[in-house]
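> A predicted structure for the sequence below; I have some questions about it.
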Amino acid sequence: MDGTLKPTAAVAVGGARLRMTAEAIVIPLASVCAAAALFSLFLLFLGKSPGQFFALIWQGGFGSSFSIQNTLQRSSPIILTALAFAVPAIIGLTMIGAEGALVLGGFAAAVTALPLIALGVPVGLTLPLVAVAAMATGAGLIMIVGWLRHARSVNETISSLLLTYIAIATMSFFVEGLLRDPGSANKPSTTPIGKDYMVGSIPGTDVHWGFVAGLVLAVALWVLMARTTFGFAARVTGGNPRAAKAQGLPVGGLILACSAISGACAGLAGFFEVTAIHGQANASLVAGYGFAGILVSFLGRHNPLAIVPIAILFGAIEASGGLIQRRMGLPDATSALLQGLIFVLLLASDTLHGRLAIFREREAR
């Protein structure tokens, strides 16, 4: 009897997993296709060619070696901010504060680097210290959200959004005041850290090391959340916090730990934006990468490994914005409009999970 039941149970479990996987892939893809169709109608209404638009996205994102490197460069902060959203999402938290953690982390990187440079600290020691400062700042910001959620039952979505505004305002306050470089007349900025203290590119490319850091973190976080007891406890807590407490799991500690990981990922993105792209902290840090990461994480169903290719695709959309503007006469915000449409339809399609008959097990005969 046991010999017949065990294979049957295994087949049932395998079939359920296969259906869940198929549902997790098909529904987001269908929402993206629906967004593309609606956006095509919008372009036709404007008298523009949808075919040309999507061809330019491919050309601007992957059409040449320069385009590919530009795409990878732009996808780096998106990977990190998507991971920053995915980790709390696994434990059941909807935190949208990655933008604020990126900005404040980048600001902390610039502020930490300047005194170290003035003291003559070697580059090999300065950059790790600056990275730690950026990650610690981002982690501290998001941990405030996690503590408010656990200790005071404050909605994490609202508190993380409000803290994002506070973080951006804090950076602007110091950049436009006490820490402003006198030479930055047109665009208030901190004092540049200098080329010698900038993060270099991957040998043979123009892509900075932030892309490699994103890949390594994606793999590491997938292992942590999918193959360790910590990740199992986080998933159990995300499924039912009360049951997790009843089983003796440290729910508060898990929330704070996931919040810290989230903020550290976004802070690391800010570190690379300062030390590899801008060379100083200014308003350019507020580029919307934190909000793009939310969309990427949703499309990847909060799977760290799935986030990487989706982030690269969105990097291609970002990289092709200038080409679309020149060739089609469309504003640079066109790509942002497409991303927003995808996000809205993706959120709407989330209600379909578990309701479509094609992904449900047939009733027993």
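Alright, I've got the coordinates.
> tally of neighbours for residue 166?
By other C-beta atoms under 10 Å, the residues close to residue 166 number 15. For glycine as for every other residue, the C-beta is placed from the backbone atoms N, C-alpha and C.
> What's the separation between it and residue 233?
Distance from residue 166 to residue 233, counting by C-beta to C-beta, to the nearest Å: 31 Å.
> what pLDDT does residue 9 get?
We note a pLDDT of 59 for residue 9 in this prediction.
> Please give me every residue in contact with residue 265.
Contacts for residue 265 (C-beta atoms under 8 Å, 6 or more residues apart in numbering) come out as 80-81, 83-84, 87, 98, 138, 217.
> among these, which are in strands?
Using DSSP state E, no member of the contacts of residue 265 falls in strands.
> What is the nearest of the residues you listed to residue 33?
Using C-beta to C-beta, residue 81 is the member of the contacts of residue 265 that sits closest to residue 33, with 24.7 Å.
> Please name the spatially closest residue to the closest one (chain neighbours excluded).
residue 293 (3.0 Å; C-beta to C-beta, 6 or more residues apart in numbering).
> Residue 309 versus the one you found, what's the distance?
Relative to residue 309, residue 293 is positioned 14 Å away (C-beta to C-beta).
> do residue 244 as well
Here the criterion is C-beta to C-beta. By it, residue 244 lies 32 Å from residue 309.
> Ok, residue 258 next?
Distance, residue 258 to residue 309, by C-beta to C-beta: 23 Å.
> mind checking which helix or strand residue 36 is in?
If you go by DSSP states H and E, residue 36 is part of helix 2-45.
> could you say what helices and strands whatever helix or strand comes next after that helix packs with?
Using DSSP H and E, the helix or strand that follows helix 2-45 in sequence is helix 50-62. The contact analysis (3 or more C-beta pairs under 8 Å, 6 or more residues apart in numbering; DSSP states H and E) places helix 50-62 against helix 2-45, helix 65-90, helix 304-319, helix 321-328.
> Just name the most buried of these.
Sort the helices and strands packed on helix 50-62 by mean neighbour count, taking mean count of other C-beta atoms under 10 Å, and helix 65-90 sits at the top with a mean of 26.
> Helix 321-328 and that one, what's the angle between them?
In terms of direction (axes from the mean of the first three to the mean of the last three C-alpha atoms, to 10 degrees), helix 65-90 departs from helix 321-328 by 120 degrees.
> Find the centremost residue of the chain, please.
With distances taken as C-alpha atoms, centre = their mean, residue 82 lies nearest the centre of the chain, 1.8 Å away.
> Would you confirm that that one contacts residue 309?
No. With contacts counted by C-beta atoms under 8 Å, residue 82 stays clear of residue 309, the gap being 11.2 Å.
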